[in-house]
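**Student:** from the sequence below, what's the structure:
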Amino acid sequence: MATTPAVCESCKAGYYLDERGKTSVVDCKRCHKGRYQPGLSAPSLDACIKCENGTYADTDTNIDSSFCKDCSRGRYGDERGMTKDIGTLSDPLDCKACGLGRFGPDIGVGRISGCIRCAAGKFLDVLGQYADSSCKDCPAGKFGTVAGTMSNAGTYVLINADADSDDESAEKNERVWTLDKLIGTFSADESCQPCYRGRYSSVPGISSPNLCVACSAGKYQDEFEQLNAGACESCPPGAFINETGAKSSLDCESCRPGRFISAKSIGNGPVVCGDCQSGRFQNLRGEIECKFCPTGYFGSESGKSRCYECLNGKFQSTMDSINCVDCPAGRFGDETGLKCAQFCISQCKACDAGRFGEEAGVVDLSKCLPCSMGRYSDVTGRDDQDDCKKCRVGFFNPRVGSNQESFCLPCGIGRYADETGRFSATLGCKACPLGRYADESGNGIIDRCKLCVAGLVGLSR
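**Tutor:** So this is what the prediction gives:
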């Protein structure tokens, strides 16, 4: 009796099969969530097409792109193949919530830039918002300098500008941002900040510290985040300085730290103060001039009562500087306050012998790269791979990071290397050709492979 020949049947749309020899459509596998497959006979999971950025599919066996739904407002999908609109915060296959300081008014957004930053002067401390109205004004007495402010937490505290001083009675006049660690790690720019001392504001939603109103001449105000002119107190009797925005009762009597006496009227007239220029500072009151920032320090702003140490990876060799300079390529800075690139006690350190550094401004030795195989460097502070010397002809080096020529090993007996920089005993050192031999190591030219003498033949290498 004749038998009917077997027929291979296609897996239908929405399915795939990545194995051979299967005998039933039941063996066809479902295309995963986040994908669709419109055709027949899909041979692998990769044939199931991922939904585009900004969309997701929370079902499997989808047969076309209409099963991919838009991420909802307040969310975005920056990868293909998303499987949920709202899931767990850490799941990479969920549409992500617009971050703090942003809102997303549109559906189907495929990148975070589609989540719009709240305007300067406003903040948003909740994830996944979609309306501009979700952005709240920084309250009266505060300001927000950048778009996308994330928090209304944090304030400033005062410290002694002379960090090395042990005098507990020393005036505290340097403001430092502080934040409750339970709330987060927002910087000052990421938060609504309080109006500085000597100023106040009754208006919510302002975007600059200069929009906080300065106390009038003859008054001072020594607290942050004040709301009205009533917070400004009168200078003590007999003490008066002809400036607005005084931050302390002491400001009524003399120029505060960060400033100097620029002019004084004849007799008992009011003192006129000026800000110390960038690159200079004054940590004392009532001085007639400002001090230079020392080497290893910089002052990028005017009116400061201290200078700041150069950060890791940087140095400054001159006084009166407004910034620091990157440690040059081939060197690194793993300390703050460095004073020169080299040739001084507090200098950028050189990359070790056997290494080189291509980038400037690096902060540790790990950024110094090892010389490659076939090379070595017996000098510190190199800044390019080409500064690593090649092993000479007849030698090879299988190691990286070699710091002396002795790591270059001679090619073995029966071999030679007629090029520099070889790194392998077999690939770099060539075998003497048939009919020749070498009974010494370290051969640099083929002529060091001697011809077999009369009566002998060379059969192998």
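
**Student:** separation between Thr426 and Cys408?
**Tutor:** Applying Cβ to Cβ, to the nearest Å, the value for Thr426 to Cys408 is 16 Å. Every C-beta, even on glycine, is put in place using the N, C-alpha and C of the backbone.

**Student:** what about stretch 341-348, start to end distance?
**Tutor:** 5 Å (Cα to Cα, to the nearest Å).

**Student:** same check, this time on stretch 372-389
**Tutor:** Using Cα to Cα, the two ends of stretch 372-389 sit 10 Å apart.

**Student:** which residues sit against it?
**Tutor:** Here stretch 372-389 makes contact (Cβ atoms under 8 Å, 6 or more residues apart in numbering) with 328-331, 342, 350-358, 369, 371, 390-391, 396-400, 402-405, 407-408, 420-424, 428.

**Student:** any of those buried? List them.
**Tutor:** 328-331, 350-357, 369, 371, 390-391, 396-397, 399-400, 402-403, 407-408, 420-423, 428 (16 or more other Cβ atoms under 10 Å).

**Student:** pLDDT score for Arg422?
**Tutor:** Looking at Arg422, its pLDDT reads 95.

**Student:** ok, now which ones touch the nearest residue in space to it that is not next to it in sequence?
**Tutor:** Closest residue to Arg422 apart from its sequence neighbours, by Cβ to Cβ, 6 or more residues apart in numbering: Gly428 at 3.0 Å. Neighbouring residues of Gly428 by Cβ under 8 Å, 6+ apart: 374, 396, 411, 417, 419, 422.

**Student:** hmm, 7 Å instead?
**Tutor:** 396, 417, 422 (Cβ atoms under 7 Å, 6 or more residues apart in numbering).

**Student:** do you know the pLDDT at the closest residue to Cys344 other than its chain neighbours?
**Tutor:** Residue nearest to Cys344 in three dimensions, not counting chain neighbours: Ser317, with 7.6 Å by Cβ to Cβ, 6+ apart. Model confidence at Ser317, given as pLDDT, is 96.

**Student:** how many residues are close by Gly258?
**Tutor:** Neighbour count of Gly258, defined by other Cβ atoms under 10 Å: 24.

**Student:** Ala425 versus that one, what's the distance?
**Tutor:** 67 Å.

**Student:** same question for Phe103.
**Tutor:** 64 Å.

**Student:** more neighbours: those two, which one.
**Tutor:** Shown here are Phe103 and Ala425; by other Cβ under 10 Å, Phe103 has more neighbours (22 against 15).

**Student:** can you count the residues close to the spatially closest residue to the more buried one that is not a sequence neighbour?
**Tutor:** Using Cβ to Cβ, 6+ apart and skipping the chain neighbours, the partner closest in space to Phe103 is Gln129 (4.4 Å). When neighbours are defined as other Cβ under 10 Å, Gln129 has 24 of them.

**Student:** could I get stretch 195-212 in PDB with only the CA atoms?
**Tutor:** Extracted in PDB, the C-alpha atoms of stretch 195-212 (Å, rounded to 0.1, in the frame of the first residue of the first chain):
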ATOM      1  CA  CYS A 195      18.200  83.100  49.600                       C
ATOM      2  CA  TYR A 196      21.600  84.000  51.000                       C
ATOM      3  CA  ARG A 197      22.200  86.000  54.100                       C
ATOM      4  CA  GLY A 198      21.600  89.700  53.600                       C
ATOM      5  CA  ARG A 199      18.700  89.000  51.200                       C
ATOM      6  CA  TYR A 200      15.100  87.900  51.300                       C
ATOM      7  CA  SER A 201      12.200  87.100  48.900                       C
ATOM      8  CA  SER A 202       8.500  87.000  49.300                       C
ATOM      9  CA  VAL A 203       8.000  85.800  45.700                       C
ATOM     10  CA  PRO A 204       7.800  82.100  44.900                       C
ATOM     11  CA  GLY A 205       9.400  80.600  41.700                       C
ATOM     12  CA  ILE A 206      12.400  82.900  41.300                       C
ATOM     13  CA  SER A 207      15.300  81.600  39.300                       C
ATOM     14  CA  SER A 208      18.400  83.600  40.500                       C
ATOM     15  CA  PRO A 209      19.900  84.500  43.900                       C
ATOM     16  CA  ASN A 210      20.100  88.100  42.600                       C
ATOM     17  CA  LEU A 211      16.200  88.100  42.500                       C
ATOM     18  CA  CYS A 212      16.400  87.800  46.300                       C
END
